[in-house]
Each structure stands twice: as C-alpha cells, then as structure tokens.
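Undergrad: Here is a sequence together with a model predicted from it:
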Amino acid sequence: MATSLNNCKVAILAVDGFEQAELVEPQRALKEAGAEVHVISQKPGQIQGFKHVDKGDKVAVDATFDQVKASDYDALVLPGGVLNSDAIRVDAQAQGFVKAANQAKKPIAVICHGGWLPISAGIVAGRTMTSWPSLQDDIRNAGGTWVDQEVQVDGNLITSRKPDDLPAFNKALIDALAKAKQAA
C-alpha cells in the first residue's frame, strides 16, 4: 500500500458484542498501512466478537479506558454490533474519549451501530452521517442529518453503514489519517 501511517496511533473503542468484521478489518487495514492500533475497552483481557447474531472470535484488549486518553491517539475507530454499541454508549469514559478526540479534530471513524456512541457523546448536532438504517431517527433526534451511502465524511467524522462498506470505510479512514499526518 502506498500510504504510510508510520508513527500514527489509532484507538479502537469496543466492548463485548462488537461486530467482528467492523473491528478486525479496519485493524488489519490500519496495521498494513503502518499504523499502531490498540483495542481499548472497559476491562482488560479479551472482548467477544459477533458475526451478526452468532458468536465470533475474541479480541485482545490492549488497554482500558482509565489507562489511556484521546490525546495518546491520532484517530478513533468505533465498530458496531448492537450489543457493543448499546453498552459502550452509556460509558462515561468512552463518551469523554470521543468528545476529547472530536474537540482535537482527530478522525473518528464510525460504522454501523457504532453511531450510538457519538450520539451519546453529544457530537452529532449539525453533522451529516450514515449508519445502519435503524439509527437514522437517533441521528436526526440528536440534531444530525442522516444519509444512506457507503461512506460519509463530515470534517473529522467518517461514517459507514455496514460490513459491506468496509473497503470504502477503511480507505476514507486511511486517507484522513494520511492527510492529518501531512498537515502536522
């Protein structure tokens, strides 16, 4: 891959119940581009992935929310998965992490049901984003505009709808990180 993200650190925020492809595919793409990627969660050890409604693989947690801060990272990835997204959206530390990254204008890449965390963190008002279709009312109620497309970029917020959108999602995230790296 032509893009080099050497010296870039990316945090993937997730808990048990994440949609497996939406965590491991961006993780793989970012590592292949040279980024250092950490899975950040509520508890140490491993978190359980899902392939839609069936249990998938477990993924190792690199650090917990209380061990790191948004300023340690160049970007965030928020995978979906209904169980993951519903649980993480009410975590005050996860919300604070997202708010801090947004205030610093760091890329925040969100896919599928992952949009619940930015909604709960209060960063959606005035933004245009996409998601799994069932979140469109939540986005609108939070003051955002919902669109149905493969990937939507609104400033530092990168959003996609579902696992089928991962190639476009990964490309948009890597492009945003490369652009931020050049500007630094």
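TA: Looks like it came in fine.

Undergrad: can you list contacts of stretch 121-134?
TA: Applying C-beta atoms under 8 Å, 6 or more residues apart in numbering, the contact partners of stretch 121-134 are 80, 94-96, 98-99, 102, 108, 110, 112-115, 118, 139, 142-152, 154-155, 157, 159-162. From N, CA and C alone the C-beta is placed, and that goes for glycine too.

Undergrad: can you check stretch 8-15 too?
TA: Counting by C-beta under 8 Å, 6+ apart, 23, 26-27, 30, 34-42, 47, 59, 65, 68, 70, 72-79, 81, 84, 87-88, 91, 94, 97-98, 117, 177, 181 sit against stretch 8-15.

Undergrad: from those residues, which ones fall inside strands?
TA: Taking DSSP state E, the ones among the contacts of stretch 8-15 that sit in strands are 36-41, 47, 59, 75-78.

Undergrad: just those residues now: which is nearest Pro167?
TA: Taking C-beta to C-beta as the measure, Val77 is the one of the ones in strands among the contacts of stretch 8-15 closest to Pro167, at 14.9 Å.

Undergrad: Excluding chain neighbours, what is closest to that closest one?
TA: Ile12 (4.4 Å; C-beta to C-beta, 6 or more residues apart in numbering).
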